[in-house]
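Chemist: Here is my input; please provide its structure:
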Amino acid sequence: MSIDLKITSMEVNRENLERYKEAFEKNDMPMPLPKLQWQHDHYLKRSFISWIIDDNNCIAGLYSSFFVDFLAEGNRKAAAQSIDTLTDINYRGKGLFTKLASDVNKRLADAGTPFIYGFPNSSSAPGFFKKLGWQKIGDGSVPFLVRPIRFTFFLKKLMKAKESPAKPLQTATITHDKIRAMKDFNDGRVNALAETFLSGKKYAVCRDSNYLNWRFVQKPDEQYSLYGYYESGVLKGFVVFTVKQKHGGNIGYIMDLIYDPQEGKTGKALLKFAVKAMKQSGADLVLAWNFKESPNRPAFKSNLFFIMPEKLKTIQLFFGACLFDGSIDKAAFFNAANWYISYCDSDTV
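Modeler: The predicted structure is shown next:
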């Protein structure tokens, strides 16, 4: 087995994505090809992926990122989001992750990318924060909120009771005179609403129609519920949610909730509608990512969401970034109060 392993950049094409998929499956991490194609051949058509091919033409290690259209200090910039890390079982303990991620960071910086950010788990976080120059945003915690629906399930989770099979999901049939389903985000009001919603934040993914359609309409093998709040036929806000069978139950996710913060009743009504729909579908609880400074925090508070107890978390996620652009205010950048994130930013839901 060779120890002289050379890092190269991976060209995004079907053949290489097939190899990407097979390498993860070999290491017991399913990675559907349609998702990889959606993720890396997406609306900006840009990814930076570094990999190492061994003497047997197998992937020894891989680190991937893709670009997102980002709002940073009033400007739109193509920033990078860290996605997948893999070290093949036969090559662990050789420092490949650090070498691969360092290679991606160098190429991103050389290309003028302002920063790379992401949500490493407890396994990969030490490598990011101790070896790759990443810093935590705020205290580094992903801001989980929870809304219990079936308290017996909630209590079992808190007490770490044995998991039981999830109940089958149902089809929700609730109605509201001002809330109706959306097929996509092509309504001309979407961009204006998103811009108004994010106007008080320095750092956030640009949630325009291009991004939202890619994220929620075009994603393969996923089903998201999209609902808009309308007054006299005019879109005033929208919510995206889904329910998945995970962690021994039916877990609801508020993917995003966007409206004019000055019209709080819109956000509260949309979120109340989403929670009712997920309850009718059979959700045991509903989760959200939401900082206390988020413009839609009042809607979550009024709908009885609260900070998720540590005992209920099935995975520990961190929030951080590596900043390359010296013109960006470092103190402001690493202050979580200046950011907006939601489950929309997650690459796993």
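Chemist: need the contact list for Asp256.
Modeler: Contacts for Asp256 (C-beta atoms under 8 Å, 6 or more residues apart in numbering) come out as 207, 239-240, 342-344. Where C-beta positions appear, they are placed from N, C-alpha and C, glycine not excepted.
Chemist: ok but it is inside a strand, no?
Modeler: Yes. Counting by DSSP: H, G, I helix; E, B strand; the rest coil, Asp256 falls inside a strand.
Chemist: Any idea what it is bridged to?
Modeler: In this entry, Asp256 is beta-bridged to Val240, by DSSP bridges.
Chemist: Quick check, pLDDT for it.
Modeler: pLDDT, Asp256: 98.
Chemist: Please renumber the chain so that the first residue is 616 from this point on.
Modeler: I'll keep to 616 as the first residue from here, and by that count the last item is Asp871.
Chemist: quick one: it and Ser909, what's the gap?
Modeler: Applying C-beta to C-beta, to the nearest Å, the value for Asp871 to Ser909 is 11 Å.
Chemist: buried sites along the helix or strand where Ala694 lies?
Modeler: Assigned by DSSP states H and E, Ala694 belongs to strand 690-702. Going by neighbour count (16 or more other C-beta atoms under 10 Å), the buried part of strand 690-702 is 692, 694-702.
Chemist: Can you tell me which helix or strand of this protein has the lowest average pLDDT?
Modeler: Here the helix or strand of the chain ranked lowest by mean pLDDT, DSSP states H and E is helix 766-773, holding a mean of 74.
Chemist: Now the element after that one, going C-ward?
Modeler: Next along from helix 766-773, by DSSP H and E: strand 794-796.
Chemist: average pLDDT across that following strand?
Modeler: Mean predicted confidence for strand 794-796 is 97.
Chemist: what's next to it, contact-wise?
Modeler: Here strand 794-796 has contacts from 840-845, 884-885, 888, using C-beta under 8 Å, 6+ apart.
Chemist: Same list (the residues you listed) but as TSV, adding distance to Phe730, pLDDT and secondary structure.
Modeler: Below are those laid out as TSV (distance: C-beta to C-beta, whole Å; pLDDT from 0 to 100; DSSP: H, G, I helix; E, B strand; the rest coil):
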residue	distance to Phe730	pLDDT	secondary structure
Ser840	32	97	strand
Leu841	30	98	strand
Tyr842	33	98	strand
Gly843	32	98	strand
Tyr844	34	98	strand
Tyr845	37	98	strand
Ala884	36	98	helix
Leu885	31	98	helix
Phe888	36	98	helix
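Chemist: Top of those residues by number of neighbours, please.
Modeler: Within the contacts of strand 794-796, neighbour counts (other C-beta atoms under 10 Å) peak at Leu885, which reaches 29 neighbours.
Chemist: ok, it - contacts?
Modeler: For Leu885, the contact set (C-beta under 8 Å, 6+ apart) comprises 794, 842, 844, 852-854, 872, 874, 914.
Chemist: mind listing what the nearest residue to it once chain neighbours are set aside touches?
Modeler: Distances taken as C-beta to C-beta, 6 or more residues apart in numbering place Val854 nearest to Leu885, at 4.2 Å, with adjacent residues excluded. Residues in contact with Val854 (C-beta under 8 Å, 6+ apart) are 841-842, 869, 871-873, 885-886, 888-889.
Chemist: give me that answer again for 7 Å
Modeler: 842, 872, 885-886, 889 (C-beta atoms under 7 Å, 6 or more residues apart in numbering).
Chemist: per-residue confidence averaged over the one helix or strand Asp718 maps to?
Modeler: According to DSSP H and E, Asp718 maps onto helix 711-725. The average pLDDT for helix 711-725 rounds to 95.
Chemist: Just the angle for the strand holding Ala694 relative to helix 711-725, thanks.
Modeler: Between strand 690-702 and helix 711-725, the angle comes out at 160 degrees (axes from the mean of the first three to the mean of the last three C-alpha atoms, to 10 degrees).
Chemist: roughly how far out does strand 690-702 sit from the chain middle?
Modeler: Its chain's C-alpha centre and that of strand 690-702 lie 11 Å apart, by C-alpha atoms, centre = their mean, to the nearest Å.
Chemist: Likewise for stretch 818-838?
Modeler: On C-alpha atoms, centre = their mean, the centre of stretch 818-838 falls 11 Å from that of its chain.
Chemist: Would you mark the buried spots in it?
Modeler: 818-824, 826-832, 834.
Chemist: can you check stretch 650-664 too?
Modeler: 650-658, 661-664.
Chemist: same thing with stretch 861-879?
Modeler: By neighbour count with 16+ other C-beta under 10 Å, stretch 861-879 contains the buried residues 862-876.
Chemist: again with stretch 716-733
Modeler: For stretch 716-733, by 16+ other C-beta under 10 Å, it's 716-720, 722-724, 728-733.
Chemist: Please save the CA atoms from it in CSV.
Modeler: Output of stretch 716-733 as CSV, limited to C-alpha atoms (Å, rounded to 0.1, in the frame of the first residue of the first chain):
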residue,chain,number,x,y,z
ALA,A,716,-9.3,20.3,3.6
SER,A,717,-6.2,22.4,3.6
ASP,A,718,-5.9,21.9,-0.2
VAL,A,719,-9.5,23.0,-0.7
ASN,A,720,-9.0,26.0,1.6
LYS,A,721,-5.9,27.1,-0.4
ARG,A,722,-7.7,26.8,-3.7
LEU,A,723,-10.7,28.7,-2.4
ALA,A,724,-8.5,31.5,-1.1
ASP,A,725,-6.5,31.7,-4.3
ALA,A,726,-9.8,31.9,-6.3
GLY,A,727,-10.9,34.9,-4.2
THR,A,728,-13.6,33.1,-2.2
PRO,A,729,-14.3,35.2,0.9
PHE,A,730,-14.8,32.3,3.3
ILE,A,731,-15.9,28.7,3.8
TYR,A,732,-18.4,27.8,6.5
GLY,A,733,-20.3,24.8,7.7
